[in-house]
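1. The sequence isn't on hand, but the structure is:
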């Protein structure tokens, strides 16, 4: 082999190595650029989503603030309508999703964005049931025997049997049909028993009147004790609603 040929043979592998290195380097650069673009795309998608979430939350909070918190049933409906159609996180290339901090934050946000509002909604639904129960209980406890038989001596059992007893039976039965909030079974029994006490005593009164015997009874203590328990429960329910609303609106 002559000298020029030998030089070419020696130089050729070197040239090929350099060319391969250049190609590989170019591919790496292209790959890096592609990955950077994917991360940037994921970041842009995430930032757009997070901005939409901020607006979505602000809209819900504004509607909750404007609604009447004293009516949890109505407020629950307002909240449920406001929660409908939350923003959705858009798609992004796999590499971008995996390496974008903003996209990871957005994905976590999407999984939890409705959580505090759902907690509030659940609290409001429970409170609505509770207030219906409280209202029904108070209707029983606001009944007065004197509204049906008047004051003083009673010489005939007619009104006791035709008005007083039926009024308390109707109120008792109406209350018994009202759903009892979870954990308030004992309180419900106290309301029922208070009404039943008047019914039982009025029945004895009617029988004694018919027999020309003296009889009187009072139910003030029984009703007062139950009324105080109902008021305490109403205060707790109101406090639970206020606390739940404040938790949602605190950051507004």
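-> Noted; the coordinates are in hand. Predicted model only: the values in this text are computed from it and were never measured. Numbering: from 1, shown residues only.

2. got a list of what residue 80 touches?
-> Residue 80 makes contact with residue 121, according to CB atoms under 8 Å, 6 or more residues apart in numbering. The C-beta positions use only the backbone N, C-alpha and C, and glycine is treated the same way.

3. Report the buried residues of the helix or strand harbouring it.
-> Taking DSSP states H and E as the criterion, residue 80 maps to helix 72-83. Across helix 72-83, burial judged by 16 or more other CB atoms under 10 Å covers 72, 75, 76, 78, 79, 82, 83.

4. which residues touch the next helix or strand after that helix?
-> Using DSSP H and E, the helix or strand that directly follows helix 72-83 along the chain is helix 94-99. By CB under 8 Å, 6+ apart, the residues outside helix 94-99 that reach it are 35, 38, 39, 40, 41, 42, 43, 103, 107.

5. Now do the contacts for the first one.
-> With contacts defined as CB under 8 Å, 6+ apart, the neighbours of residue 35 are 95, 99.

6. Could you give the backbone dihedrals for it?
-> phi -70, psi -40 (degrees, to the nearest 10).

7. Over to the fifth one?
-> Phi and psi for residue 41, reported as degrees, to the nearest 10, are phi -60, psi -40.

8. before we move on, the earlier item: which among the contacts of helix 94-99 count as buried?
-> Of the contacts of helix 94-99, these count as buried by 16+ other CB under 10 Å: 38, 39, 41, 42, 43, 103.

9. mind checking how far the helix or strand hosting the last one is from the chain centre?
-> Assigned by DSSP H and E, residue 103 belongs to helix 101-112. Put simply, helix 101-112 sits 23 Å off its chain's centre (CA atoms, centre = their mean, to the nearest Å).

10. Stretch 91-98 now?
-> With CA atoms, centre = their mean, you get 34 Å for stretch 91-98.

11. domain assignment for this protein?
-> 3-113, 122-249 (automatic domain parsing).

12. can you pull out the helices in the stretch 51-200 of the chain?
-> Applying DSSP state H, counting those that start in this stretch to the stretch 51-200 of the chain gives helices spanning 72-83, 94-99, 101-112, 115-141, 146-149, 158-159, 165-176, 185-210.

13. could I get the ones you listed as TSV with distance to residue 218 and mean pLDDT?
-> Below are those laid out as TSV (distance: least, CB to CB, whole Å; pLDDT from 0 to 100):
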stretch	distance to residue 218	mean pLDDT
helix 72-83	36	93
helix 94-99	74	82
helix 101-112	57	90
helix 115-141	15	95
helix 146-149	12	89
helix 158-159	18	92
helix 165-176	15	96
helix 185-210	9	95
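
14. can you redo the ones you listed as JSON lines with distance to residue 222?
-> Listed next are the helices of the stretch 51-200 of the chain as JSON lines, based on distance: least, CB to CB, whole Å:
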{"stretch": "helix 72-83", "distance to residue 222": "30"}
{"stretch": "helix 94-99", "distance to residue 222": "66"}
{"stretch": "helix 101-112", "distance to residue 222": "49"}
{"stretch": "helix 115-141", "distance to residue 222": "10"}
{"stretch": "helix 146-149", "distance to residue 222": "16"}
{"stretch": "helix 158-159", "distance to residue 222": "22"}
{"stretch": "helix 165-176", "distance to residue 222": "12"}
{"stretch": "helix 185-210", "distance to residue 222": "5"}
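
15. Looking at those helices, which is nearest to residue 224?
-> The closest of the helices of the stretch 51-200 of the chain to residue 224 is helix 115-141. By CB to CB, the value is 8.7 Å.

16. Counting by contacts, list what the helix or strand in which residue 226 is found packs against.
-> Using DSSP H and E, residue 226 sits within helix 220-249. For helix 220-249, the packing partners by 3 or more CB pairs under 8 Å, 6 or more residues apart in numbering; DSSP states H and E come out as helix 3-66, helix 115-141, helix 185-210.

17. Could you figure out how far that helix is turned away from helix 72-83?
-> 20 degrees (axes from the mean of the first three to the mean of the last three CA atoms, to 10 degrees).
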